[in-house]
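In: quick one, structure for this:
(one chain, ligands or ions: 1)
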Amino acid sequence: MDHFTYRDGTLCAEDVPLTQIAAEVGTPVYVYSAATLTRHFNLFRQALDWTDHLVCFAVKANSNLAVLKLMADLGAGMDVVSGGEYLRAKAAGVPGNRIVFSGVGKTAQEMRQAIEGGIRQFNIESEPEMLVLSSVAASMGAEVPIAIRVNPDVDAKTHEKIATGKSDNKFGIPISKARQVYAEAAALPGLKVVGIDVHIGSQLTDLEPFRLAYTKVAELTRALRAGGHEISRLDLGGGLGIPYRRDNTAPPLPIEYGQVIRETVGDLGCEIEIEPGRNIVGNAGILLAQVIYLKEGEGRDFLIVDAAMNDLLRPAMYNAHHDIVPVAQAELGASLREMDVVGPICESGDTFEKGAQLPQLQSGDLVAFRSAGAYGAVMASEYNSRPLVPEVLVSGDHFAVIRARPSFEEMLARDTIPEWL
Ligand code: LLP
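Out: Residues are numbered from 1 along each chain as shown. Next up, the predicted model:
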């Protein structure tokens, strides 16, 4: 459920008509609903209310400071994967002891930064990384909590580019090797083993891969404890999918996901961490765009809008589907027209949907790309020298620009022409 609904014939974000945002901020623009974000975060919290837990929002899904501040005020922890994300979490007011640092390529510099600023735990992805963290921490006189990310070799049954839990993916340590690596970790200075970490992929629409992976984590917990390791925390990653099509059967709910966690690892007495991103913010955002032209091609019509693949990369990158809806509610029974919805960028991959069925639209009409709050603005670029897409946050009947559209002057000012040219 989200808070983007038609009222008096116009699509609104909570109580604000999208026409008003388009008029005041321009298009393209991302629009987020604070009430939807809050609702989704609370669903995860409720799903784990049977145990000690921390819901760590995956910052990579949407790293706008205002979104992070909203999450932080609700009590969220954060899962970060770079020094930049770490700084964003801190700037949004998240205390270090609620920040988990994941990612396969943490540099010594990033480790130092997080140890200085405070950190809940590092999720270790390889032995070389573990050795570097040990020496960085020891040189600072620190002892840092770590979990080791294990790769359970489970098929997440999702798009291959976002599956992370198979042995041929770059992530984690093979679970078969885990006992040996935990023994090495226990002997290293500067590290304190506190738990196990796992994340098998994103946009999972089936709970069985989670069940398989978490069952393996439970077995490993018992084995490690028997070997003398203190395992008090399990970080079970993110990945629960969202509905991208209104007419689709919806993926499982957070409460059902929480039940799988309870059934697989619930009896171990561990504190549970999860790292959802998409499920919290995906359907809390839309990309608002305007029709530039309706171009009648040979046997094919093209709806050319002012948003493009640089603003929302997912369709070009993963063949992802985002429902496209007119902001002005179509008359019931209005005749639909088949068209390809495309952006202005000079490559054919700049296509949002082929053969979309849309009502009659013309230049100046507004459309919304739904389910665009996660991995939308964060993956935007300035390709074709298009200014980075702005973002707006709505709460009730008011809204704020939470990232302004850069001016062309600002864009150009970042480049320098060397004096010898
Ligand atoms: N934790 C770790 C370690 C991750 O790598 C990810 C996502 C998450 C948590 C959050 O997963 P979520 O709950 O959002 O599924 N750009 C792609 C998605 C990449 C996901 C990468 N890792 C897309 O647009 O579909």
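In: pLDDT below threshold where in the protein?
Out: For the chain, residues meeting the criterion pLDDT under 70 lie at 248, 332.
In: would you map the helices across it?
Out: 18-25, 34-47, 65-74, 83-91, 108-117, 127-139, 178-187, 208-226, 254-265, 278-281, 314-318, 408-413 (DSSP state H).
In: stretch 305-324 near the ligand anywhere?
Out: Yes. Contact between stretch 305-324 and the ligand is present through 314, 318 (criterion: Cβ under 6 Å from any ligand atom). For glycine as for every other residue, the C-beta is placed from the backbone atoms N, C-alpha and C.
In: how far off centre is that stretch?
Out: Computed by Cα atoms, centre = their mean, to the nearest Å, the separation of stretch 305-324 from the middle of its chain amounts to 16 Å.
In: what do you get for stretch 107-120?
Out: In terms of Cα atoms, centre = their mean, the centre of stretch 107-120 is found 22 Å from the chain centre.
In: and for stretch 155-170?
Out: With Cα atoms, centre = their mean, you get 16 Å for stretch 155-170.
In: then stretch 189-197?
Out: 26 Å.
In: for it, which residues meet the burial criterion?
Out: When neighbours are counted by 16 or more other Cβ atoms under 10 Å, the buried residues of stretch 189-197 are found to be 190-191, 193-197.
In: now, of the helices of the chain, which is deepest in the fold?
Out: Between those, helix 278-281 has the highest mean count of neighbours, a mean of 28, where neighbours are mean count of other Cβ atoms under 10 Å.
In: is the ligand within reach of that helix?
Out: Yes. For helix 278-281, a contact with the ligand is found by Cβ under 6 Å from any ligand atom, at 278-279.
In: and that helix, C-alpha only, in CSV?
Out: Provided in CSV are the C-alpha atoms of helix 278-281 (Å, rounded to 0.1, in the frame of the first residue of the first chain):
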residue,chain,number,x,y,z
ARG,A,278,13.8,-1.5,-1.8
ASN,A,279,10.9,-2.7,0.3
ILE,A,280,10.9,0.4,2.4
VAL,A,281,11.4,3.0,-0.2
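In: tell me the residues of the protein that contact the ligand?
Out: Applying Cβ under 6 Å from any ligand atom, one finds that the chain approaches the ligand through 58, 60-61, 79, 102, 162, 199, 202-203, 237-239, 275-279, 314, 318, 374-375.
In: among the residues you listed, which are in strands?
Out: With strands taken from DSSP state E, the overlap with these comprises 58, 79.
In: can I have the buried ones of the residues of the chain next to the ligand as a ChimeraX selection?
Out: Here is the ChimeraX selection string for the buried members of those, based on 16+ other Cβ under 10 Å:
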select :58,60,61,79,102,162,199,202,203,237,238,239,275,276,277,278,279,314,374,375
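In: follow-up on the earlier one: the buried residues of stretch 189-197: which two are farthest apart?
Out: The widest separation within the buried residues of stretch 189-197, taken as Cβ to Cβ, falls between 190 and 196 and amounts to 19.4 Å.
In: mind checking the longest strand of this protein?
Out: From DSSP E, the single longest strand across the chain is strand 285-296.
In: on that earlier part again, ok, the buried residues of stretch 189-197 vs the ligand, which is closest?
Out: Distance to the ligand across the buried residues of stretch 189-197 (Cβ to the nearest ligand atom) is lowest for residue 197, with 7.9 Å.
In: that closest one: what's it in contact with?
Out: Under the criterion of Cβ atoms under 8 Å, 6 or more residues apart in numbering, the contact partners of residue 197 comprise 102, 123-124, 147-150, 172, 234-235, 237.
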